[in-house]
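Colleague: quick one, structure for this:
(one chain, ligands or ions: 2)
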Amino acid sequence: MDVVWMLLLLLLFPLLMWTSSTFVFYFKKFFYVAWMMFLAIVGIPICLLKSGGRDVENMRIIRSMVRHVKYLFGLRIEVSGWEHLQTEGPYVIISNHQSSLDVLGMMEILPDRCTTIAKKELVYAGTVGLICWLAGIVFINRKKTSDAKSVMADAAKTMLDEQIRLWVFPEGTRNQNGDLLPFKKGAFHLAVQAQVPIIPVVFSSYSSFYLRKEKQFKSGVIRLRILPKIETKGLTSDEVSCLSDQSHSLMRTAFLEISGLVAKSNGPLKH
Ligand SMILES: CCCCCCCCCCCCCCC(=O)SCCNC(=O)CCNC(=O)[C@H](O)C(C)(C)COP(=O)(O)OP(=O)(O)OC[C@H]1O[C@@H](n2cnc3c(N)ncnc32)[C@H](O)[C@@H]1OP(=O)(O)O
Ligand SMILES: CCCCCCCC/C=C\CCCCCCCC(=O)OC[C@@H](O)COP(=O)(O)O
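Modeller: Numbers count the residues shown, from 1 in each chain. Ligands and ions are numbered 1, 2, ... in the order given. All right, here's what the predicted structure looks like:
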């Protein structure tokens with residue numbers, strides 16, 4: 001009887017993959033999480049052997065382990081503006097955030113000695129959480145601004161002491177509304193406190209291949225544009241709002257351009 005069920009399932013699987021885009025969506029989502037968990041199981045001992053504990057250098061291991069994943073999902077990543085990452089010393093990278101798939105684009109361009117700021121809940125994500133901790137990811141409690149601010153102030157000092165770069169998602173959450181959300185201020189305070197440049201990175205809209213609400217996950221292209229650095233030397237906390245607005249405007253323009261979208265007088269966007 002078990003064999004009959006097995007055969008039925010084996011027949012049903014390709015049929016569902018062929019006929020149901022919803023099935024494909026859930027299968028790919030499940031496979032993405034499962035594969036990342038598996039990669040982390042392999043990566044954790046490698047990190048421990050190489051660096052003996054929590055160390056930003058472990059990000060190199062994650063980077064090299066994750067780079068093939070785009071092929072498994074039929075995704076192509078086109079990067080422009082590489083020259084803007086040729087900057088010595090610490091800096092803050094800011095990017096828009098649409099989905100956990102952003103990790104694929106992130107690992108495509110992640111500079112050496114660069115880690116990220118993430119919500120504290122991620123540390124509990126099983127093996128992925130553990131490898132994130134080992135790679136020096138800075139966890140913040142988004143619900144407690146004062147805690148998050150003090151963790152980020154410490155991060156500003158560590159960046160300088162240990163020559164570390166930090167990647168921040170200034171929208172503060174995942175967003176697939178076809179536009180950028182208003183920016184939170186943490187990334188800009190961080191850069192001003194450390195007096196380091198900001199390098200904006202923009203991911204094109206995933207709406208042509210990945211739609212959460214419509215349950216679609218097809219093959220597609222992610223365009224990644226690295227923008228010129230924005231200096232913060234001499235700026236004070238009074239100029240943070242201005243810096244945030246300037247970055248938002250530059251990134252929104254790039255987002256629209258590389259996504260093939262047009263803005264309707266700052267309102268909703270159309271293809
Ligand atoms: C082998 C396989 C392995 C696979 C593993 C792959 C690993 C890859 C990991 C990828 C991880 C991706 C994770 C992504 C995320 O988790 S995104 C979510 C978390 N990130 C953020 O939220 C960052 C952005 N948020 C902020 O920066 C916020 O500003 C925050 C600090 C959290 C505060 O939030 P909030 O209060 O809601 O917002 P405001 O910005 O409006 O701030 C309120 C006032 O506080 C002032 N402020 C903010 N920050 C600071 C600061 N650092 N210092 C001083 N003051 C600060 C801000 O100016 C506001 O005051 P005013 O209104 O200006 O007076
Ligand atoms: C004990 C098992 C728990 C299982 C949990 C599975 C966790 C996911 C595991 C693998 C996914 C691939 C690695 C991606 C890491 C990226 C994390 C991410 O993108 O987090 C979302 C966060 O930016 C914003 O979240 P909100 O939308 O604001 O909330």
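Colleague: wait, Phe73 touches Tyr32, no?
Modeller: Yes: using CB atoms under 8 Å, Phe73 is in contact with Tyr32, at 7.2 Å. For glycine as for every other residue, the C-beta is placed from the backbone atoms N, C-alpha and C.
Colleague: overlap in contacts, the two.
Modeller: Applying CB atoms under 8 Å, 6 or more residues apart in numbering, one finds that Phe73 and Tyr32 are jointly contacted by Leu101.
Colleague: Asp238 and ligand 2, how far apart?
Modeller: 29 Å (CB to the nearest ligand atom, to the nearest Å).
Colleague: for ligand 1, what is the nearest residue in the stretch 51-200 of the chain?
Modeller: Across the stretch 51-200 of the chain, no residue is closer to ligand 1 than Gly186, which sits at 2.0 Å (CB to the nearest ligand atom).
Colleague: quick one: residues contacting that residue.
Modeller: Applying CB under 8 Å, 6+ apart, the residues near Gly186 are 117, 140, 148-149, 152, 168, 170, 172.
Colleague: next one: Tyr206
Modeller: So Tyr206 contacts 98-99, 101, 176, 220, 222 (CB under 8 Å, 6+ apart).
Colleague: go again using 7 Å as the cut-off
Modeller: Residues in contact with Tyr206, defined by CB atoms under 7 Å, 6 or more residues apart in numbering, are 98-99, 101, 176.
Colleague: and for Pro14, the neighbour number?
Modeller: By the measure other CB atoms under 10 Å, the count of residues near Pro14 is 9.
Colleague: whoops, Glu239 was the one
Modeller: 14.
Colleague: could you give me the average pLDDT of stretch 163-183?
Modeller: For stretch 163-183, mean pLDDT is 96.
Colleague: right, is it up against ligand 2?
Modeller: Yes: contact of stretch 163-183 with ligand 2 (CB under 6 Å from any ligand atom) involves 173-174.
Colleague: contacts for that stretch next, please.
Modeller: In contact with stretch 163-183 (CB under 7 Å, 6+ apart) are residues 56, 89-99, 106, 111, 113-117, 142, 155, 158-159, 184, 186-187, 190, 205-207, 212, 244, 247-248, 251-252, 255, 261, 269.
Colleague: up against ligand 1, what does the stretch 1-150 of the chain have?
Modeller: Counting by CB under 6 Å from any ligand atom, the stretch 1-150 of the chain sits next to ligand 1 at 36, 39-40, 43, 62, 65-66, 97, 103, 116-119, 122, 128, 131-132, 140, 142, 145, 148-149.
Colleague: so which of the residues you listed reach ligand 2?
Modeller: Subset of these in contact with ligand 2: 36, 97, 103, 119, 122, 128, counting by CB under 6 Å from any ligand atom.
Colleague: only the buried members of those residues: can you turn that into a ChimeraX selection?
Modeller: Filtering these down to the buried ones (16 or more other CB atoms under 10 Å) takes a single ChimeraX command:
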select :36,97,103,128
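Colleague: which of the ones next to ligand 2 among the residues of the stretch 1-150 of the chain next to ligand 1 fall within helices?
Modeller: 36, 103, 128 (DSSP state H).
Colleague: dump those residues to JSON lines, plus pLDDT.
Modeller: Putting those into JSON lines (pLDDT from 0 to 100) gives the following:
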{"residue": "Met36", "pLDDT": "98"}
{"residue": "Val103", "pLDDT": "98"}
{"residue": "Val128", "pLDDT": "98"}
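Colleague: closest to Leu227 among those residues?
Modeller: Ranked by distance to Leu227 (CB to CB), these are led by Val103 at 20.3 Å.
Colleague: that concludes my questions; thank you for your assistance.
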